[in-house]
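Student: Below are the sequence and a predicted model for it; my questions follow.
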Amino acid sequence: MSSIRDLVNQVTGAAFNCVLINKYRSGEDSVSWHADDEPELGPSPRIASLSLGATRRFQLKRKVSPEMTSAARSERVVIALNSGSLLVMEPGVQENWVHQVAKTKIPVGPRINLTFRTIEDNR
């Protein structure tokens, strides 16, 4: 796992020191809307997500604030995470967006997601 982390660090220019592994057995497995905003990640984390296996749809939507226009409130981004793809959420994404991998009725095989993060020592 450390060799994969080192490669992700080289590609992204980051210094990730932690990996969270998720297994999606089928289209029934999902993760609902959330932001990766745990205190130990610091105030503006960079997160890298490496996908292995079946393609799944990664969805982002803006966090709603009172001053947003209706167009901004309804803005969505959908990214197909193919096997071998590396999605990097740069600083600012967790503060302004939430994301999910929703359930799907389309038959899909298993997928493993490696989510690289930096845990801050002072937390």
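Tutor: That came through fine.
Student: does the nearest residue to residue 44 once chain neighbours are set aside sit in a helix or strand, and which one?
Tutor: In this structure, residue 44 finds its nearest non-sequential neighbour in residue 91, 3.9 Å apart by C-beta to C-beta, 6 or more residues apart in numbering. No exception for glycine: its C-beta is placed from N, CA and C like everyone else's. In this assignment (DSSP states H and E), residue 91 forms part of neither any helix nor any strand.
Student: Can you list the buried residues in stretch 17-32?
Tutor: 19, 24, 27, 29 (16 or more other C-beta atoms under 10 Å).
Student: what sits against the third one?
Tutor: Yep, that's residue 27 we're talking about. By C-beta atoms under 8 Å, 6 or more residues apart in numbering, the contact set of residue 27 is 103-108.
Student: any idea which of the buried residues of stretch 17-32 is closest to residue 76?
Tutor: Comparing the buried residues of stretch 17-32 against residue 76 with C-beta to C-beta places residue 27 closest, at 19.5 Å.
Student: and the helix or strand of the chain with the lowest mean pLDDT, C-alpha only, in CSV?
Tutor: Ranked by mean pLDDT, DSSP states H and E, the weakest helix or strand in the chain is helix 70-73, scoring a mean of 82. Provided in CSV are the C-alpha atoms of helix 70-73 (Å, rounded to 0.1, in the frame of the first residue of the first chain):
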residue,chain,number,x,y,z
SER,A,70,-31.2,29.3,-7.6
ALA,A,71,-28.9,28.2,-10.5
ALA,A,72,-25.9,27.8,-8.1
ARG,A,73,-28.1,25.9,-5.6
